[in-house]
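J.: Sequence and predicted structure, then a few things I'm wondering about:
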Amino acid sequence: MQDSSKRGTVSIILPVYNEEESLPVLHEQIVQVMERQSYDYEIVYVDDGSQDQTAAVARASGARCLRLPTNLNYGGALQAGFRYALRKTEFPAFLTFDADGQHDPAALLSLLQPLQEGRADYVLGSRFLAGQPDDLPLARRVGIRLFAAAASWVLGQRITDPTTGLLGVSREAARMFLSQLFPQDYPDADVLIMLGRMGFRILEVPVVMRPSRRAGSMHGGILRPAYYLAKMSTSMIHLAARGDLLQKRREARLVS
Amino acid sequence: MSARQKAFAIVVAIVLILLIFELIRRRKLREEYALVWLAVGFGIVALVWAYGLLEWLTHEIGAIAPTTTLFLFAFLFLIVMAMQFSIKLSKLVGQIKDLTQEIGILRTELEELRRGKEPVRKKTPTEPKGAESAPKTKTPGWCEGAD
């Protein structure tokens, strides 16, 4: 794990989809925040098959832009970003960030610090630790609390926001993102359980979140949350029950 | 089972078997799926030809009419086929995802090679300003806009 006295590099991975209008402002905000810390950094936008000029805008900003030929959904795009960043660099740390306006770029520093100090392998930005008013829709709130309780029980530590998209990931933990176990559509609480069962150190830090700009979020409507609930529950049970996850981590260490 | 029913069932089975062989010949049906359908075709012929076998099977599963047996096994067969397709589909989705990611990465590498760029924002205070090797933090070193 990176010693805080040494200079390192961090890759910020952002899956984006049809964000041509908001991306320039977001990019500047991220740059301003990252300039305040001592790490070299790069921004990797993963254009998940956008139908607008998102990729062009991303490239014009000076960042890397991985352009997928077709939409893979959030999990597939995120995995593509990690696959790219791991292959192209030897960076010790990675951060993930959503481009829908929900995440405050200042939170990136909160995620980075525990990684720099070697205190954790997987850092989650929790809106609940920050004491934010809980203004989420009821279905979403119930789902998060349910999964938080399940994750806390499986991992033996308190987890408050298992579905957050604000993540700090060490290089070794990031390699696990490339396994076939990594879910393509809603990677959150199940990934947390997977990494926890693999023995990675998990830490939550308080972050402030804003309402999403998108009119209908990933979990809007009725059918989608029901599908999300069923799918996530199945995935969590499957990963919690697997006895070979630690072995998979050891195997990944030997191969790399 | 009357002679007419037997004849009809055998004709249907033979037509099915011939159709499968033709689809294999035209490379429209993979062998792994053809085997299952061939088993169905030959199975129908066997059960109709040896009607006693169908009666015995009917008795063994606790059914009354042989047609019930046929419908039951047809239903089970469809479930097995649906399961096989779900398994195959799951594998294909994973493969498509991997291919899509690889294509995206290769395309980006190609574009980066063409532009010869270095994306990491270096924070090296000792480097002189305007050095070509150190990309500026504000002004991108390679952004020439969209393709």
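T.: The structure has been received and is ready for your questions.
J.: all strands for the chain, in order.
T.: Going with chain A. Listed in chain order, the strands found in chain A under DSSP state E are A:9-16, A:40-47, A:64-67, A:93-96, A:122-126, A:167-170, A:202-206.
J.: any chance of those strands in CSV, with mean pLDDT, mean neighbour count and distance to chain B too?
T.: To be clear about C-beta, it is placed using only N, CA and C from the backbone, and glycine gets the same treatment. Listed next are the strands of chain A as CSV, based on pLDDT from 0 to 100; neighbours: other C-beta atoms under 10 Å in any protein chain shown; distance: least, C-beta to the nearest C-beta, whole Å:
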stretch, mean pLDDT, mean neighbour count, distance to chain B
strand A:9-16, 94, 25, 6
strand A:40-47, 94, 26, 5
strand A:64-67, 93, 26, 5
strand A:93-96, 95, 26, 13
strand A:122-126, 95, 25, 22
strand A:167-170, 96, 25, 17
strand A:202-206, 95, 18, 23
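J.: okay if I get the ones you listed as TSV plus distance to B:Ala3?
T.: Converted to TSV, the strands of chain A look like this (distance: least, C-beta to C-beta, whole Å):
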stretch	distance to B:Ala3
strand A:9-16	67
strand A:40-47	67
strand A:64-67	67
strand A:93-96	71
strand A:122-126	72
strand A:167-170	72
strand A:202-206	73
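J.: and the worst-scoring helix or strand of chain B on mean pLDDT, what does it pack onto?
T.: Taking mean pLDDT, DSSP states H and E as the measure, helix B:31-49 is the helix or strand of chain B with the lowest mean score, a mean of 83. Counting contacts by 3 or more C-beta pairs under 8 Å, 6 or more residues apart in numbering or on different chains; DSSP states H and E, the secondary-structure elements packed against helix B:31-49 are helix B:3-25, helix B:51-61, helix B:66-115.
J.: between that helix and helix B:66-115, how many degrees?
T.: Calculated by axes from the mean of the first three to the mean of the last three C-alpha atoms, to 10 degrees, helix B:31-49 forms an angle of 170 degrees with helix B:66-115.
J.: where does the chain dip in pLDDT?
T.: By default, I'm working from chain A. Regions of chain A meeting the criterion pLDDT under 70 cover residues A:1-7, A:132-134, A:185-186, A:212-221, A:253-256.
J.: not what I meant, chain B
T.: Per-residue confidence for chain B (pLDDT under 70) gives these ranges: B:1, B:117-147.
J.: Run through the residues of the stretch 101-250 of chain A sitting next to chain B.
T.: Within the stretch 101-250 of chain A, the positions near chain B by C-beta under 8 Å from any C-beta of the partner chain are A:180, A:184.
J.: and the residue in the stretch 101-250 of chain A that chain B sits nearest to, how many residues sit next to it?
T.: Ranked by C-beta to the nearest C-beta, the top residue of the stretch 101-250 of chain A for proximity to chain B is A:Gln184, at 5.9 Å. Here the number of neighbours of A:Gln184 (other C-beta atoms under 10 Å in any protein chain shown) works out to 16.
J.: could you list every residue that touches it?
T.: Contacts were defined as C-beta atoms under 8 Å, 6 or more residues apart in numbering or on different chains; by that measure A:Gln184 touches A:72-73, A:75-76, A:79, B:93, B:97.
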